[in-house]
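**Q** Return atomic coordinates for the entry below.
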Amino acid sequence: MRWKRVLATTVISCAFILGSPFPGLGAQQVWQVALEEIEGSMQHEYARKFAEILREESKGQIQCRIRFYGELGTSGDITELLQTGAIEFAFQSPGHLGSIIPEVQVFSIHYLFPTDFLLLEKILRKGPHTYQTLQKYYHKQGLDLLSIIDEGWQIWTANKALRRPEDFKDITFRVMSSPFLITAYRLYGAYVITVPYGEIYKNLALGRIDAQTQPFFAIQEMKFYEVQDFMIKANQLPFIGTFAANHDFLSQLPQNLRSVVDAAIEGANEYIFDFEPELNEKRRQMILEAKPSMRYIELTEQEIRAFKEKARPLREKYLEMGGSGAREVLDAVLADIEWAEESEE
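**A** Numbers count the residues shown, from 1 in each chain. Prediction:
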């Protein structure tokens with residue numbers, strides 16, 4: 001398979017040096033990690049902090065090299081590598097992972113999550129129900145869910161203002177390869193297609209797609225703003241990333257090494273939730289400075305209500321498309337949203 005040829009040169013490797021405090025692992029062990037984003041991205045920052053803490057907690061005996069999107073193929077290739085154990089860690093966005101774990105598409109329901117950043121952080125990091133409920137569905141696919149992070153609100157980019165659902169008519173809109181996301185934007189009236197992440201710019205430039213959605217940092221680093229005239233914030237959906245491991249690999253780690261991994265996950269979580277607002281605001285400003293003609297629009301509450309009304313069927317659609325555990329997972333997320341909001345009162 002193509003990914004086997006690529007794998008030989010594209011990994012994140014963690015080398016265990018002789019004299020390791022983790023006996024039984026041998027002179028050297030290589031851990032492989034895949035990112036769905038490029039250098040300078042949110043996932044890069046998370047992986048960098050993860051590697052830094054691993055190095056510190058192991059007193060320098062675990063060293064990491066970071067590789068980026070495209071080096072191991074597409075997101076689908078990354079999922080396959082993770083499931084088979086050819087790599088040990090990977091970021092998996094629900095938009096792609098939903099094809100094998102349909103329950104995770106709960107993170108693609110428009111207007112489900114609160115817009116308050118601290119509430120969202122509390123739900124994703126500390127919610128007592130969501131993580132544990134989703135974990136068993138990851139286990140069924142040979143994966144371990146390690147972290148759920150917010151990478152920023154998804155921003156629409158287009159060559160016209162998208163202020164009403166009617167504005168999506170005759171728009172060719174790109175989404176991830178998720179039947180649920182396709183359904184969501186069809187509700188607004190768009191013609192929806194899937195295009196690999198690395199091919200979005202070319203398709204925008206050639207006019208094959210008219211609009212797409214990403215957080216600010218991705219719009220900036222992938223230069224989508226060069227071939228789009230409008231950025232629209234509609235508060236419809238945060239971009240959620242999940243960090244996962246191969247289940248067999250993780251379950252076979254000795255307890256002291258698993259504790260090091262857990263410490264690195266917790267430290268990376270703490271870092272990335274503080275870092276996200278700063279990075280996305282910085283990238284928004286960079287876009288507007290690089291292209292002064294770019295129009296940035298924040299929809300009014302009245303405008304958002306029209307999209308909320310169109311998106312109302314999505315919860316029922318999720319129950320139809322979200323697999324056997326859809327009801328359980330949606331109830332868990334709703335319980336954590338309620339828990340977070342009540343704790344703030």
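
**Q** The helix or strand Asp336 falls within: which residues count as buried?
**A** In the assignment (DSSP states H and E), Asp336 maps to helix 326-344. Neighbour counts using 16 or more other C-beta atoms under 10 Å place 326, 328-330, 332-333, 335-337, 339-340 of helix 326-344 among the buried residues. For glycine as for every other residue, the C-beta is placed from the backbone atoms N, C-alpha and C.

**Q** again, but for stretch 65-85
**A** Buried-residue list, stretch 65-85, by 16+ other C-beta under 10 Å: 66-75, 77-83.

**Q** Could you pull up phi and psi at the residue nearest to the spatial centre of the chain?
**A** The residue lying closest to the centre of the chain (C-alpha atoms, centre = their mean) is Gly241, at 2.4 Å. Main-chain dihedrals, Gly241, degrees, to the nearest 10: phi -120, psi 140.

**Q** Glu226 against Lys291, yeah?
**A** Yes: between Glu226 and Lys291 there is a contact at 7.1 Å, judged by C-beta atoms under 8 Å.

**Q** Which of the buried residues of stretch 65-85 fall within helices?
**A** Using DSSP state H, the members of the buried residues of stretch 65-85 that fall in helices are 75, 77-83.

**Q** For Leu253, list the residues it contacts.
**A** By C-beta atoms under 8 Å, 6 or more residues apart in numbering, Leu253 lies in contact with Val261.

**Q** average pLDDT for stretch 331-345?
**A** Mean pLDDT, computed over stretch 331-345, is 91.

**Q** As a check, name the ranges of all helices in the chain.
**A** In the chain, the segments counted as helices under DSSP H are 2-7, 42-57, 75-84, 94-97, 117-126, 130-140, 179-187, 200-205, 216-221, 247-251, 255-290, 301-311, 314-321, 326-344.

**Q** I'd like to know which of those has the weakest mean confidence.
**A** helix 2-7 has the lowest average pLDDT among these, namely a mean of 42.

**Q** The lengthiest strand in the chain: partners in the sheet, and parallel or antiparallel?
**A** Identified as the longest strand of the chain according to DSSP state E is strand 143-153. Paired neighbours of strand 143-153 in the sheet (DSSP bridges): strand 238-246 (antiparallel).

**Q** quick one, what contacts Tyr271?
**A** Taking C-beta under 8 Å, 6+ apart as the criterion, Tyr271 is in contact with 45-46, 49.

**Q** quick check, nearest of these to Tyr185?
**A** Tyr46 (27.5 Å; C-beta to C-beta).

**Q** Is that closest one in contact with Asp150, as I believe?
**A** No: in this structure, Tyr46 is not within contact of Asp150 by C-beta under 8 Å, at 11.3 Å.

**Q** any shared contact partners between the two?
**A** Here Tyr46 and Asp150 have no joint contacts, going by C-beta under 8 Å, 6+ apart.

**Q** In CSV, list the contacts of Tyr271 along with neighbour count and distance to Pro114.
**A** Conversion of the contacts of Tyr271 to CSV gives the following (neighbours: other C-beta atoms under 10 Å; distance: C-beta to C-beta, whole Å):
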residue, neighbour count, distance to Pro114
Glu45, 19, 24
Tyr46, 25, 22
Lys49, 18, 26
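
**Q** can you tell me which of those residues lies nearest to Leu237?
**A** Of all those, Tyr46 has the smallest distance to Leu237: 19.7 Å, by C-beta to C-beta.

**Q** any idea how far Pro277 is from that closest one?
**A** Using C-beta to C-beta, to the nearest Å, Tyr46 is found at 15 Å from Pro277.

**Q** Glu341 now?
**A** 20 Å.

**Q** between the helices of the chain, which one is nearest to Ile155?
**A** Across the helices of the chain, closest to Ile155 is helix 216-221 (C-beta to C-beta), at 6.0 Å.

**Q** Return the distance of that closest one from the chain's centre.
**A** Relative to its chain's centre, helix 216-221 lies at 14 Å (C-alpha atoms, centre = their mean, to the nearest Å).

**Q** Would you enumerate the residues in contact with the spatially closest residue to Leu146 that is not a sequence neighbour?
**A** The shortest distance from Leu146 to any non-neighbouring residue, by C-beta to C-beta, 6 or more residues apart in numbering, is to Phe243 (4.8 Å). Going by C-beta under 8 Å, 6+ apart, Phe243 touches 46, 89-92, 145-147, 149, 265, 268.
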